[in-house]
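**Q** pasted the sequence and its predicted model underneath.
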Amino acid sequence: MKLVLCILVLLFTQDVMAYLDPGTGSMMLQVILGGIAAVGVALKLFWYRIIAFLGFKRKPSEEDDFS
């Protein structure tokens, strides 16, 4: 059903009278880079929770104990 809908949308397209100025490309680049940075910060903040949820928690070894 989704494939048929996609084909119909592509078959009945019309020309759009739109203007993209030169600043639009840099704005889109900023949006993409900002999104990547936000995902990176979110991963860094929740890294230990993500690792614990996935079950990759590191078991302490004898070398880690310095006492």
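**A** Nice, thanks for sending it over. Numbering: from 1, shown residues only.
**Q** need the contact partners of stretch 14-22.
**A** If you take C-beta atoms under 8 Å, 6 or more residues apart in numbering as the criterion, stretch 14-22 is touched by no other residue. For every residue, glycine as well, the C-beta is placed using N, CA and C.
**Q** endpoints of it, how far apart?
**A** End-to-end span of stretch 14-22 (C-alpha to C-alpha, to the nearest Å): 24 Å.
**Q** give me the buried stretch members for it, please.
**A** By 16 or more other C-beta atoms under 10 Å, stretch 14-22 has no buried positions at all.
**Q** next one: it to chain centre, how far?
**A** On the basis of C-alpha atoms, centre = their mean, to the nearest Å, stretch 14-22 sits 27 Å off its chain's mean C-alpha point.
**Q** over to stretch 29-41?
**A** With C-alpha atoms, centre = their mean, you get 8 Å for stretch 29-41.
**Q** then stretch 36-50?
**A** 11 Å.
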